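Enquirer: Sequence first, then the predicted structure, then my questions.
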Amino acid sequence: MFDFTLEATDGVARAGTLVLPHGTVETPAFMPVGTNGAVRGLSPDEVRDAGARIILGNTYHLHLRPGEEVVRALGGLARFGRWNGPTLTDSGGFQVFSLAELREITEDGVTFRSPIDGSLRTITPERSMEIQWALGADIAMAFDHVVPGQAGWELAREGMERTLRWLDRCKARHAELVATGHGRSDAQDVGVGASACLSAVPLSQTLWPIIQGGAHDDLRLRSLEGILEREPWTGIAIGGLSVGEPKPVMHRVLELLGPRLPVDRPRYLMGVGFPEDLLEAIGRGVDLFDCVAATRNGRHGSAWTADGKVNIRRADLRLSDAPLDAECDCLTCRTYPRAYLRHLFVAEEMLGLRLLSLHNVRFLVRLGEQARQHILRGTFHDWSREWLRRYHGKERA
RNA sequence: GGUGGGGUGGCCGAGUGGCUAAUGGCAGCAGACUGUAAAUCUGCCGGGCUCACGCUCUACGUAGGUUCGAAUCCUACCCCCACCA
């Protein structure tokens, strides 16, 4: 039910195949973020057509709404929204960071004020595991303590050490859940009319730990060490990057960790990133990514192209009959001219938000596919260098 | 014809003696966004010079006037709206 095969390396860059209960993912791969069980603005079919093979869900958001029991009762995250493919749930740890003004951290866990109705909700490592188990993703993430990128050594140490202590609790609770099978989200539990015809996928879930330590090399190494002391893991995530630290810091941390991570397990860089970040990270040995930028920036009118970023509302696109990105094979680029996309944004038509989100998702997925092909051929680094040069060269396409 | 109300920057609309190149909103222009409290947020937005601070010119229907000083007060005129004939 879980297998990772490293197929090729090109320098530090890697190409592999990840087999999960709900399907197979070829790496390097970008995973679109579907916080609420939906990649914002896109249907599962559209996400699939964009080439994505695995999507994220969020423990905290799905716990608040609709509640993990609803998702479980409807057959788990993959089946609930008829994505029917691999999923990964984030643990809620990132909300410790992003909802900083609305939460209180104790050793036991984190109490959040719900952004939905203001009610107080407590998530502990154990609760996060229970919720993720009920959601039924293929991969569950450890409940971690993310600190801002500019956090000093002491704060970063505190977050990193707490993350390790919480990891023990996550691991113990997750093992119990897997062992008992309690609350597993098989479709057999459901049998709800017509929807029951979808084949049930027996659920088995794997738990991945998260390296923390902020921008501090010694803390990063201690975090990794602590995680490796708690083997076995089927994959390892790097968290706490792209949270406000300068880019060179991210590169340095990746270079520090890359050679020390087990080669036979996938490495997942959480929350990253922009196209340039993907290539930089792949070149430093990362296999998996997720990022909200594809859909958020898409909704905000910003699209990636081979020649850099394009703000689709730009006045000079008013009469442009050219596709968004002439080299892109997505529905948006195959079909619509820039002038029409610009019009949709200016007129605040929601189709525009969807079309740009779709393009950006496809852009990152395709970037992963291209990187993979070049790694298999041993041409990744030259290709990547040239790609980045062009991307940064002309900001205006 | 009479009475009352009103004419403000691309539009709508505040202001009713100095703090006003003039609140807001819209439109326009530019930008940001990295494990989603975001279809969000930020900046610019009369002209000229300046990277900027700033300087300067022209501006609150038109023409005069009062005043050290007027979009704000006075006079005349033009136009718009409402009601009454």
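Expert: Arrived safely.
Enquirer: tell me the centre residue of chain A?
Expert: Centroid-nearest residue in chain A, with C-alpha atoms, centre = their mean: residue A:290, separated by 2.5 Å.
Enquirer: Next, it: phi, psi?
Expert: phi -150, psi 160 (degrees, to the nearest 10).
Enquirer: residues touching it, list them.
Expert: Residues in contact with residue A:290, defined by C-beta atoms under 8 Å, 6 or more residues apart in numbering, are A:30, A:31, A:32, A:33, A:56, A:88, A:268, A:270, A:271, A:272. Glycine gets a C-beta too; all of them are placed from N, C-alpha and C.
Enquirer: and the gap between residue A:327 and residue A:372?
Expert: 17 Å (C-beta to C-beta, to the nearest Å).
Enquirer: Backbone dihedrals for the most far-flung residue of chain A relative to its centre, both of them.
Expert: The outermost residue of chain A relative to its centre, with distances by C-alpha atoms, centre = their mean, is residue A:319 at 36.1 Å. Taking degrees, to the nearest 10, you get phi -120, psi 20 for the backbone angles of residue A:319.
Enquirer: so where do the strands sit in the stretch 251-397 of chain A?
Expert: Taking DSSP state E, counting those that start in this stretch to define them, one finds strands in the stretch 251-397 of chain A at A:267-269, A:288-291, A:302-305, A:308-311.
Enquirer: Can you check the pLDDT for residue A:182?
Expert: As predicted, residue A:182 sits at a pLDDT of 69.
Enquirer: just residue A:64 next, same as before
Expert: 94.
Enquirer: And for it, the neighbour number?
Expert: Per other C-beta atoms under 10 Å, the neighbour tally for residue A:64 reads 18.
Enquirer: Could you check how far it is from residue A:349?
Expert: From residue A:64 across to residue A:349, the span is 30 Å (C-beta to C-beta).
Enquirer: Residue A:30 too?
Expert: Computed as C-beta to C-beta, the residue A:30 to residue A:349 distance reads 27 Å.
Enquirer: With residue A:23 instead?
Expert: 34 Å.
Enquirer: again with residue A:325
Expert: The gap separating residue A:325 from residue A:349 is 21 Å, by C-beta to C-beta.
Enquirer: who has more neighbours, these two?
Expert: More crowded of residue A:325 and residue A:349, by other C-beta under 10 Å: residue A:325, with 22 against 12.
Enquirer: Hmm, that one is touching residue A:359, no?
Expert: Yes: counting by C-beta atoms under 8 Å, residue A:325 does reach residue A:359; the two are 7.2 Å apart.
Enquirer: what touches both of these two?
Expert: Overlap of the contact sets of residue A:325 and residue A:359 (by C-beta under 8 Å, 6+ apart) consists of A:303, A:304, A:333.
Enquirer: Show me which residues of stretch A:213-223 are buried.
Expert: For stretch A:213-223, burial by neighbour count (16 or more other C-beta atoms under 10 Å) applies to A:213, A:214, A:215, A:216, A:219, A:220, A:222, A:223.
Enquirer: can you check stretch A:281-293 too?
Expert: Buried residues in stretch A:281-293, counting neighbours by 16+ other C-beta under 10 Å, are found at A:281-293.
Enquirer: That stretch close to RNA strand B?
Expert: Yes: using C-beta under 7 Å from any atom of the strand, we find that stretch A:281-293 touches RNA strand B at A:290, A:291, A:292, A:293.
Enquirer: so which of the shared contacts of residue A:325 and residue A:359 are also by RNA strand B?
Expert: Counting by C-beta under 7 Å from any atom of the strand, no member of the shared contacts of residue A:325 and residue A:359 reaches RNA strand B.
Enquirer: Name the nearest of these relative to residue A:175.
Expert: Set against residue A:175, the nearest of the shared contacts of residue A:325 and residue A:359 by C-beta to C-beta is residue A:304 (40.9 Å).
Enquirer: so the closest one makes contact with residue A:362?
Expert: No: here residue A:304 does not reach residue A:362: they are 9.8 Å apart, not a contact under C-beta under 8 Å.
Enquirer: what ranges do the helices span in the stretch 201-350 of chain A?
Expert: Assigned by DSSP state H, counting those that start in this stretch, the stretch 201-350 of chain A shows helices spanning A:217-228, A:247-257, A:275-282, A:293-299, A:331-335, A:338-346, A:350-377.
Enquirer: quick one: buried residues of stretch A:316-324?
Expert: Using 16+ other C-beta under 10 Å as the test for burial, stretch A:316-324 gives A:317, A:320, A:323, A:324.
Enquirer: typed the wrong thing, it's stretch A:248-258
Expert: Going by neighbour count (16+ other C-beta under 10 Å), the buried part of stretch A:248-258 is A:249, A:250, A:251, A:252, A:253, A:254, A:256, A:257, A:258.
Enquirer: what residues are up against the first one?
Expert: Residue A:249 makes contacts with A:149, A:215, A:241, as judged by C-beta under 8 Å, 6+ apart.
Enquirer: Skipping its backbone neighbours, what lies nearest the last one in space?
Expert: Once its chain neighbours are removed from consideration, residue A:241 has its nearest residue in residue A:250; the separation is 4.8 Å (C-beta to C-beta, 6 or more residues apart in numbering).
Enquirer: Now do the contacts for the one you found.
Expert: Residues in contact with residue A:250 (C-beta under 8 Å, 6+ apart) are A:241, A:242, A:272, A:277, A:280, A:281.
Enquirer: Tell me who's in contact with the last one.
Expert: When contacts are counted by C-beta under 8 Å, 6+ apart, residue A:281 touches A:250, A:254, A:269, A:272, A:273, A:289.
Enquirer: ok, now the fourth one?
Expert: If you count contacts by C-beta under 8 Å, 6+ apart, residue A:277 has them with A:242, A:247, A:250.
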